[in-house]
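Peer 1: Next one to model:
(one chain, ligands or ions: 1)
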Amino acid sequence: MDAQHPEKKRRFVKKKKDPISIGTLKEGILNGNRSSLAKAITLIESNAAHHYEWGQELLGEVMPHTGNSLRIGITGVPGAGKSTFIEAFGEMLCNQGHSVAVLAIDPSSSLSGGSILGDKTRMEQLSKNPKAFVRPSPTAGTLGGVHRKTNETLLLCEAAGYDIIIIETVGVGQSEVMVRQMVDFFLLLAITGAGDELQGMKKGIMELADAMVVNKADGDNKRLADKTKRELNQILHFLVPATKGWSSKAYTCSAIEKSGLKELWDVIKEFEKTTKETGSFQERRDRQKKEWFYTMLKDRILSDFFLDERIKPAVPQMEEKVKSGDLTTSKAIEELLHLYKQS
Ligand SMILES: Nc1nc2c(ncn2[C@@H]2O[C@H](COP(=O)(O)OP(=O)(O)OP(=O)(O)O)[C@@H](O)[C@H]2O)c(=O)[nH]1
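Peer 2: Modelled structure (predicted):
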């Protein structure tokens, strides 16, 4: 019977006893129901084809309710204090009446199967706050897959009414650009006394930042933190600004003492106000949507190509021919594309 009604089958998430309709999930999300949101994210993150379809259908339904948050990206080398900072910063925002969703991207989980961010229970306090929603990094799949899942989770969180979305990534170089492509404001968390002035961070990553904050500016470390802040400001002064019309600066804070957080929030609010006035806020959002469209299109074409029934066996054959010198690389590619276009 299901086979005769594919539409009907498609509209239901089949759990053993409790089928959930897309409509119910949508309603739950729009009412800010956390369990509906969590179920929807599970659909988005699932690698099963039918879940993917349901997830996309749901996303289409909630799309008109997205786009209303301020999206903040945070990165920093391991040990910079990201969890401590986000927990304190998130609590402060919740106390001010905001609702905050925290999503994580952990490149190590998709590249090696291990995880830098995900292994331990993180941000326990914030997770318990009724105005906050903390979601660990999707662990399975390629970095591109993690990108899609995080981007779609962000949209679901917006539909659920979270007005501040924080996307955290561990600062090891692979995922900063990806996060920058998803957020309005990008913050780099730094620490003092790491010897070389860029603390292992490439200049390219500093160029992505709308602000840097030297964490752990407390106790004996305070003076050193101020010194690092001055050094970073000197470097930032010579870099191309990450956002048109905004000059990125360095600040200090202590996540443990909860100092400097309010000042940093004032900087972010000022950024939002200025960039909305100049139009660069919307320009970036439009550019991100365009980039996202092309990323998804290329991903889709790639997987369609490599999963094609005729292409699958032909690729290793062509590879052998290229290796043995029977065919040039260009000729082998031409033959594969010819085959693909016929199928
Ligand atoms: N003195 C001081 N220590 C801090 C501060 N923030 C974090 N720490 C400490 O720095 C260490 C690392 O903090 P985490 O928040 O786990 O830092 P992280 O490694 O960037 O974060 P994860 O990505 O969660 O591993 C912990 O021992 C924290 O207690 C701070 O403001 N002052």
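
Peer 1: Where does the prediction get shaky in the chain?
Peer 2: 1-20, 107-121, 139-142, 171-173, 193-202 (pLDDT under 70).

Peer 1: Strands along that one, start to end?
Peer 2: Applying DSSP state E to the chain gives strands spanning 12-13, 20-21, 70-76, 100-105, 132-135, 164-170, 185-190, 211-214, 249-252.

Peer 1: Can you report how many residues lie near Asn95?
Peer 2: Residue neighbour count, defined by other C-beta atoms under 10 Å, stands at 10 for Asn95. Where you see a C-beta, it was placed from the backbone N, CA and C, and this is true even at glycine.

Peer 1: roughly how far apart are it and the ligand?
Peer 2: 18 Å (C-beta to the nearest ligand atom, to the nearest Å).

Peer 1: quick one: Leu224 and Ala190 touch, right?
Peer 2: No. Counting by C-beta atoms under 8 Å, Leu224 does not reach Ala190; the two are 11.8 Å apart.

Peer 1: between the two, which one's more packed in?
Peer 2: Counting neighbours by other C-beta under 10 Å for Leu224 and for Ala190 shows that Ala190 has the greater number, 28 against 16.

Peer 1: check contacts around the more buried one.
Peer 2: Shown in contact with Ala190 (C-beta atoms under 8 Å, 6 or more residues apart in numbering): 76, 80, 199, 201, 212-215, 228, 232, 250.

Peer 1: swap the cut-off to 10 Å and go again
Peer 2: Going by C-beta atoms under 10 Å, 6 or more residues apart in numbering, Ala190 touches 76-77, 80-81, 171, 198-199, 201, 206, 209, 212-216, 225, 228-229, 231-232, 250-252.

Peer 1: before we move on, back to that, touching both of Leu224 and Ala190, which residues are there?
Peer 2: 214, 216, 252.

Peer 1: could these go into a markdown table alongside distance to the ligand and neighbour count?
Peer 2: Shown next, in a markdown table, are the shared contacts of Leu224 and Ala190 (distance: C-beta to the nearest ligand atom, whole Å; neighbours: other C-beta atoms under 10 Å):
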| residue | distance to the ligand | neighbour count |
| --- | --- | --- |
| Val214 | 10 | 28 |
| Lys216 | 4 | 25 |
| Thr252 | 10 | 25 |
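
Peer 1: between those residues, which is nearest Gly260?
Peer 2: Gly260 has its nearest neighbour among those in Thr252, at 5.6 Å by C-beta to C-beta.

Peer 1: dump the residue contacts of the closest residue to the closest one other than its chain neighbours.
Peer 2: Once flanking residues are discounted, Thr252 sits nearest to Ala217: 3.8 Å by C-beta to C-beta, 6 or more residues apart in numbering. Contacts for Ala217 (C-beta under 10 Å, 6+ apart) come out as 191-192, 223-226, 228-229, 251-255, 257, 259-260.

Peer 1: can you map out the helices along the stretch 201-343 of the chain?
Peer 2: Ranges of helices in the stretch 201-343 of the chain, per DSSP state H, counting those that start in this stretch, are 203-206, 222-238, 261-278, 280-307, 311-324, 329-342.
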